[in-house]
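One predicted model, sequence on top.
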Amino acid sequence: MSHQLSRRRLLQLATASAAGLGLAACGDNGSGGAAAGGDGDSGKITVWSWTTAAEGLRSVVPSFERDNPGIKVDVQDVGEPAIWDKITVGLASGGKGLADVLHIGVDYLPGYLDKFPDGIADLSKLGADKYKDAFAKGLWPTVIGKDKAAHALPWEVNPLGLFYRKDYFEKADVDPASISNWDDMIAAGRKIRAANDVQLLGLDKTGATQDMDFFQNLMQLQGAFYFDHEGRITLASPAAVKALTVIKRLNDADLLADTAGQGTGKRLLSQGKLATVADAVWAAEYLALKFPDQKGKWRVMQPPAAVPGGKRNVIVNSTYLTVSASSKRRKAAWRFIEYALTKPAEINRIFTSGGVFPALTAAYSDPKFSAPHPFYGGQKVLKPFVESLDSPSEATNFTSDYARALKFASDAQSRVLLKGADPADSLKDAAEQLAQQTGRQQAA
Amino acid sequence: MSLAPPERAPDTATGAAAPAGRGPVKHTGRTRPDRRRLLTRDSVPYLLIMPAVLGFAVFKAYPIVASLWISLTTGNGDDRHFTGLDNYQRLLNDPLFWTALKNTALILVVQVPLMLGLALLLALGLNSTKVWLRPLWRLGVFVPSLTGLVAAGVMFSVILNRDAGLLNWVLSLFGIDRVNWLGSPFWARVGVVLVITWHYTGYNAVMYLAGLQGIPNELYEAAMVDGAGPIRRFVSITLPQLRPILLLTVVLSTIGTLQLFDEPYVLTGGGPDNATLTVTMYLYNNGFKYFDFGYASALAYALALIVSVLGIVQVRLMGERR
């Protein structure tokens, strides 16, 4: 074999290989389809999730592997929010490098389904439709893509609650039962603050983390969101103005602690500086786990309505398991999802290990959902959450432009809290910018 | 594209005929080695640069060209539509782009002179033979630039924390009120300037130090014989001699600041109220948060244009005048 190559040949080879690589890269530029998947039913599948959810999911792996010989499952804790960047990059490069099973939140799922329509596998083809009515009301529409097929199974559902420090309320002589809306809560908050020298709630005022859950919850309690069901912008709607006004009033009354910065919120809670936590059901286990020395001091109640007489139950978000279209083992991946999310025993095992509240309604017949919880002084803490899922909750339309809406909403809130801007003006600006950047119409 | 010299001989190995109308091969006098061999004096340089050229073609040239194309389109993935200059037009009417550009310019104007001035002072100090334990000080000055960008951001977010941060604690010892470093638009910018200055001053100081050590001592000796004082020597010898290094650091720092991302991303996420949003952060958000790759590419090209223009202006203003 000759090792003598001419210089021209060398250059030709170099150019050809560069062009080849370039073309290969060209071929991958797009939304899925390029990295063709397969319907393999055996082998090793990987799962991307985060922190306690990943931990919970791992607990179902041994029984799944026992019942499905030939399939091995590797659950990876990718971390949150890092997982969104990893999934986005993977989908944008045609599915290259994605795990077989992806854990995705409702805030990202519609965006992925819209922007990468071929990136997430069609689960209807694999038999997902038979579970249409198995999950909490309002969730199924969120898994449907533009092709009318199901692309995910609901895993976690998060009804909203208000966790409160019973001792602080008692010292201030505030009866939680007397609080039915946020007007009542602000009045009570002043008394609680005076009696205990604590603030009512924590909020990232600078918006560095763009955690807008509280603002969103106040809107969702009014059946509103950043977008209506036609996808029109409602960020400047009366409901939004009402929500931001409540936040401004809380801030003006010095009831809001600033939780900006790494771990600040957790530190304030551990120091007992906050009297309430307005959060979804996942916080029930979180508080018990993180602050064991506050055992017996916490209770939970229905969240106050945003407006007097308004509704007090709402699903604020949910998360899902999906199969990436580029997976070589889509059937095996689907079998794992089906096993983990549709069997009451398995989903409850996940709930016990990871605190992820199941979306599967059949799971709620388990005694643990009506059992007294020692951290909450024997209160049956999960029961009100399960009950709140019985009454219909409006599905929230996150749309593919949620991330951008979140940014503008967060800016509007920061302007109100840091610069004293008027909530209505601030939201009007935000809605206009959102319209300009997305090309969406504003609702009348 | 032909990389071959014009007087190239027809390649006998591939059997290609000599092009008509060409004269005989002109030899330059020295004996040339056999071109058919892989390792010749002529081919070795090509072989040596080939990995770099390949890497450049695949990882730089292709994305650069692809990004230009994407910046002229909208849509998702394969479903892209050519929209001409629409993205660029949108950019001109986007208040957030102008906010990001203004923030970046502000940081550039304040931070780069501050940092380079400080670096020059440090370098002069570190170059002085009167300083005791010089290597130790030099190491100390350079160490911050070894810290990872994200680590620096996280570290400063702890230091600058309003309630529990080290800096406010130190200020409280002097009876100064707590500063809301990351929560007020003004102080958040100061915080970002602080982090970048901490991070890169030592790096620039080391470059100046190298420059200072390259200045011949005879120049100073001659100046002293002529009666020049320290300030005169600094202005007339040190600064002109350092000019190439000064130019290098100014251009590099300008480019670096215009591409500022990691520190403010970790420290403030661009807030509060977009006070520390930079152009690259806005670009990142558009690409990886809003999946708007067309617009993100247009932002990238706008930034590249600004960087090029500023770089050229700086080289023109500060470069050697011949």
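Nice, I can see it.

residue in the stretch 251-400 of chain A nearest to chain B?
A:Gly261 (5.0 Å; C-beta to the nearest C-beta). Just so you know, the C-beta spots here come from the backbone N, C-alpha and C atoms, and that holds for glycine as well.

which residue packs closest to that residue, ignoring adjacent ones?
Of all residues not flanking A:Gly261 in the chain, B:Asn161 sits nearest, at 5.0 Å (C-beta to C-beta, 6 or more residues apart in numbering or on different chains).

What of A:Leu360?
In space, A:Leu360 is closest to A:Ile347, 5.1 Å off (C-beta to C-beta, 6+ apart).

Which elements pack onto the helix or strand containing the one you found?
Using DSSP states H and E, A:Ile347 falls within helix A:344-354. Counting contacts by 3 or more C-beta pairs under 8 Å, 6 or more residues apart in numbering or on different chains; DSSP states H and E, helix A:344-354 packs against helix A:51-58, helix A:61-67, helix A:330-342.

mean confidence score for the helix or strand that comes right after it?
Beyond helix A:344-354 in the direction of the C-terminus, DSSP H and E gives the next helix or strand as helix A:383-388. The predicted model gives helix A:383-388 an average pLDDT of 89.

and the residue nearest to A:Gly261, helix, strand or coil?
Secondary structure state of B:Asn161, per DSSP: H, G, I helix; E, B strand; the rest coil, is coil.

my read: it touches B:Asn168, true?
Yes. Between B:Asn161 and B:Asn168 there is a contact under C-beta atoms under 8 Å: 7.5 Å.

Which one of those two is surrounded by more residues?
Counted by other C-beta atoms under 10 Å in any protein chain shown, B:Asn161 and B:Asn168 do not tie: B:Asn161 has more neighbours, with 24 against 19.

Could you report the neighbour count for residue 292?
Answering for chain A, as no chain was given. A:Pro292: 9 surrounding residues under other C-beta under 10 Å.

ah, no, chain B please
24.

separation between the residue nearest to the spatial centre of chain A and chain B?
Nearest to the geometric centre of chain A sits A:Gly105, at 4.3 Å (C-alpha atoms, centre = their mean). Distance from A:Gly105 to chain B, counting by C-beta to the nearest C-beta, to the nearest Å: 14 Å.

phi, psi of the nearest residue to that residue once chain neighbours are set aside?
Nearest residue to A:Gly105 in three dimensions, chain neighbours excluded: A:Thr319, at 4.8 Å (C-beta to C-beta, 6+ apart). When quoted as degrees, to the nearest 10, the phi and psi of A:Thr319 stand at phi -130, psi 160.

Tell me what angle the longest strand along chain A forms with helix A:330-342.
The longest strand of chain A (DSSP state E) is strand A:153-165. Put simply, strand A:153-165 runs at 30 degrees to helix A:330-342, going by axes from the mean of the first three to the mean of the last three C-alpha atoms, to 10 degrees.

so what secondary structure elements neighbour strand A:153-165?
strand A:276-280, helix A:282-290, strand A:298-301, strand A:315-323, helix A:330-342, helix A:383-388.

And these: which comes nearest B:Phe261?
Nearest of the helices and strands packed on strand A:153-165 to B:Phe261, taken as C-beta to C-beta: strand A:315-323 at 28.8 Å.

Which strands and helices lie in contact with the closest one?
Using 3+ C-beta pairs under 8 Å, 6+ apart, strand A:315-323 is in contact with strand A:101-105, strand A:153-165, helix A:213-220, helix A:330-342.

Same list (the ones you listed) but as TSV, adding mean pLDDT.
Formatted as TSV, the helices and strands packed on strand A:315-323 follow (pLDDT from 0 to 100):
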stretch	mean pLDDT
strand A:101-105	95
strand A:153-165	94
helix A:213-220	94
helix A:330-342	96
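
I'd like these laid out as JSON lines, including distance to B:Ala302.
Formatted as JSON lines, these follow (distance: least, C-beta to C-beta, whole Å):
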{"stretch": "strand A:101-105", "distance to B:Ala302": "32"}
{"stretch": "strand A:153-165", "distance to B:Ala302": "40"}
{"stretch": "helix A:213-220", "distance to B:Ala302": "32"}
{"stretch": "helix A:330-342", "distance to B:Ala302": "41"}
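
Out of those, which gets nearest to B:Val154?
B:Val154 sits nearest to helix A:213-220 of all the helices and strands packed on strand A:315-323, at 23.2 Å, using C-beta to C-beta.

list the buried ones in the closest one?
Within helix A:213-220, the residues scored as buried using 16 or more other C-beta atoms under 10 Å in any protein chain shown are A:213-220.

rewinding a little: what's near enough to touch the residue nearest to A:Leu360?
Neighbour list for A:Ile347: A:155, A:340-341, A:358, A:360, A:363 [criterion: C-beta atoms under 8 Å, 6 or more residues apart in numbering or on different chains].

List the beta-bridge partners for A:Ala280.
A:Leu160 (DSSP bridges).

Wait, it touches A:Leu160, no?
Yes. Here A:Ala280 reaches A:Leu160: they are 5.5 Å apart, a contact under C-beta under 8 Å.

returning to what we had before: who touches both of B:Asn161 and B:Asn168?
Shared contacts of B:Asn161 and B:Asn168, defined by C-beta under 8 Å, 6+ apart, comprise B:Trp181.

So which elements touch the lengthiest helix in chain B?
Scanning chain B for the longest helix, with DSSP state H as the assignment, gives helix B:95-127. If contacts are counted by 3+ C-beta pairs under 8 Å, 6+ apart, helix B:95-127 sits against helix A:423-438, helix B:134-142, helix B:185-213, helix B:239-258, helix B:279-284, helix B:293-318.

May I see these arranged in TSV, with mean neighbour count and mean pLDDT as well?
Shown next, in TSV, are the helices and strands packed on helix B:95-127 (neighbours: other C-beta atoms under 10 Å in any protein chain shown; pLDDT from 0 to 100):
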stretch	mean neighbour count	mean pLDDT
helix A:423-438	20	93
helix B:134-142	14	86
helix B:185-213	20	92
helix B:239-258	17	91
helix B:279-284	22	94
helix B:293-318	17	91
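
Could I get those helices in CSV, plus columns for distance to B:Asp273?
Shown next, in CSV, are the helices and strands packed on helix B:95-127 (distance: least, C-beta to C-beta, whole Å):
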stretch, distance to B:Asp273
helix A:423-438, 10
helix B:134-142, 35
helix B:185-213, 6
helix B:239-258, 21
helix B:279-284, 14
helix B:293-318, 20
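
Ok, which of the ones you listed comes nearest A:Gly138?
Per C-beta to C-beta, nearest to A:Gly138 of those: helix A:423-438, 24.3 Å.

helices and strands around the closest one, which ones?
Using 3+ C-beta pairs under 8 Å, 6+ apart, helix A:423-438 sits against helix A:238-252, helix A:402-419, helix B:95-127.

rerun that using 7 Å as the cut-off
helix A:238-252, helix A:402-419 (3 or more C-beta pairs under 7 Å, 6 or more residues apart in numbering or on different chains; DSSP states H and E).

which residues are in contact with it?
Taking contacts as C-beta atoms under 7 Å, 6 or more residues apart in numbering or on different chains, the residues outside helix A:423-438 that touch it are A:233, A:235-236, A:240-241, A:244-245, A:248, A:401, A:404-405, A:408-409, A:411-412, A:415-416, A:441-442, B:95.

quick one: low-confidence ranges for the stretch 1-150 of chain A?
Across the stretch 1-150 of chain A, the ranges flagged by pLDDT under 70 are A:1-35.

at 50 what do you get?
A:1-34 (pLDDT under 50).

so where do the helices sit in it?
Secondary structure of the stretch 1-150 of chain A (DSSP state H, counting those that start in this stretch): helices at A:7-28, A:51-58, A:61-67, A:82-92, A:109-115.
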